[in-house]
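Peer 1: quick one: sequence plus predicted model below, questions after.
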Amino acid sequence: MDVKGTAFLARKLMLVEDIGEGRYEEFLAEFARREPVFAEPIHATTHLPLRAFVAFNEALVNTFYGGDPGAYFRFGEKSAEYALIIGPYKRIRDTSSVAAFVEAARFIYQGYYTAGRAEGCLEGNTAELKLHGIPPEHRHLYLEYAIAGYVRRGIELVSLRSVHMERVAGFSCGDDLVHYHYVIEGTPAPAPVVARFRAS
């Protein structure tokens, strides 16, 4: 199972925002000594082994986020901002259609990962996300939390409303699938800091 370079580029933007470009480049150079795939240029279409990408994210969490796996939710949220503001799914955000975003979950997932599938549905102000078919060796908290956070933030960006997220099933509970429930609330969503985004 591979992850596409789009996810790496979103992570880079977040890290540069959080810790600065110099510290990020130092971290990446050090990590590339352990995982040589990160020593090569990575583009949106580059395929990275998921094992190596998960190790990269684990190292980020341990180095910069106090070892808290909850940081993976934020990784997903920032990836959604990248994808929906300057990245490949900008047009979905421009539709202002939550249904279009949620129903596109399958295609968006395929834009990042080469195995497994995502299903999204919307009924009224409630959305559901399910992830199926992820091989057992890849059922890492990173995938569950980052994808759940991505969808929550994506719904916020499209609806301009805050979203309450609840886990129904997940790898974090020992389940073999991921199922999250999202309720669109009446309060405005936090605005992204778009001024910090730049094309890479």
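Peer 2: On my side now, so go ahead. Numbers count the residues shown, from 1 in each chain.

Peer 1: right, and the helix or strand after the helix-or-strand element of the chain with minimal mean pLDDT?
Peer 2: When each helix and strand of the chain is scored by mean pLDDT, DSSP states H and E, helix 90-95 comes last, with a mean of 86. Sequence order places helix 98-103 as the next helix or strand after helix 90-95, per DSSP states H and E.

Peer 1: next secondary structure after that following helix?
Peer 2: Next element after helix 98-103 (DSSP H and E): helix 105-110.

Peer 1: show me what that following helix is in contact with.
Peer 2: Identification of contacts with helix 105-110 by CB atoms under 8 Å, 6 or more residues apart in numbering yields 83, 89, 116-120, 129, 131, 147, 151, 154. Heads up, the C-betas are built off the backbone N, CA and C, glycines and all.

Peer 1: ok, residues contacting the helix or strand just after it?
Peer 2: Proceeding N to C from helix 105-110, the next assigned helix or strand is strand 117-123, under DSSP H and E. By CB under 8 Å, 6+ apart, the list of residues contacting strand 117-123 from outside reads 98-99, 101-106, 108-110, 127-133, 147, 151.

Peer 1: now strand 117-123: buried residues?
Peer 2: 118, 120, 122 (16 or more other CB atoms under 10 Å).

Peer 1: apart from its chain neighbours, what residue comes closest to the residue most central in space within the chain?
Peer 2: By CA atoms, centre = their mean, the mean C-alpha position of the chain lies nearest to residue 76, the distance being 2.8 Å. Distances taken as CB to CB, 6 or more residues apart in numbering put residue 149 closest to residue 76, at 3.1 Å, once the chain neighbours are dropped.

Peer 1: cool, and residue 27?
Peer 2: Using CB to CB, 6+ apart, the closest residue to residue 27 is residue 63 (6.4 Å).

Peer 1: okay, and residue 165 sits in which element?
Peer 2: strand 161-169.

Peer 1: quick one, strands of this structure?
Peer 2: Taking DSSP state E as the criterion, the chain carries its strands at 2-4, 47-49, 117-123, 126-132, 161-169, 178-188.

Peer 1: chain center to the second one, what's the gap?
Peer 2: Just to be clear, that refers to strand 47-49. 15 Å (CA atoms, centre = their mean, to the nearest Å).

Peer 1: and of the contacts of helix 105-110, the nearest to residue 36?
Peer 2: residue 116 (25.9 Å; CB to CB).

Peer 1: enumerate every residue touching that closest one.
Peer 2: So residue 116 contacts 1, 109, 131-135, 138 (CB under 8 Å, 6+ apart).

Peer 1: can you check residue 44 too?
Peer 2: 4-6, 9, 88.

Peer 1: buried subset of the residues you listed?
Peer 2: 4-6, 9.

Peer 1: let me have these in CSV, extended by pLDDT and distance to residue 67.
Peer 2: Converted to CSV, those look like this (pLDDT from 0 to 100; distance: CB to CB, whole Å):
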residue, pLDDT, distance to residue 67
4, 91, 27
5, 90, 26
6, 86, 26
9, 88, 25
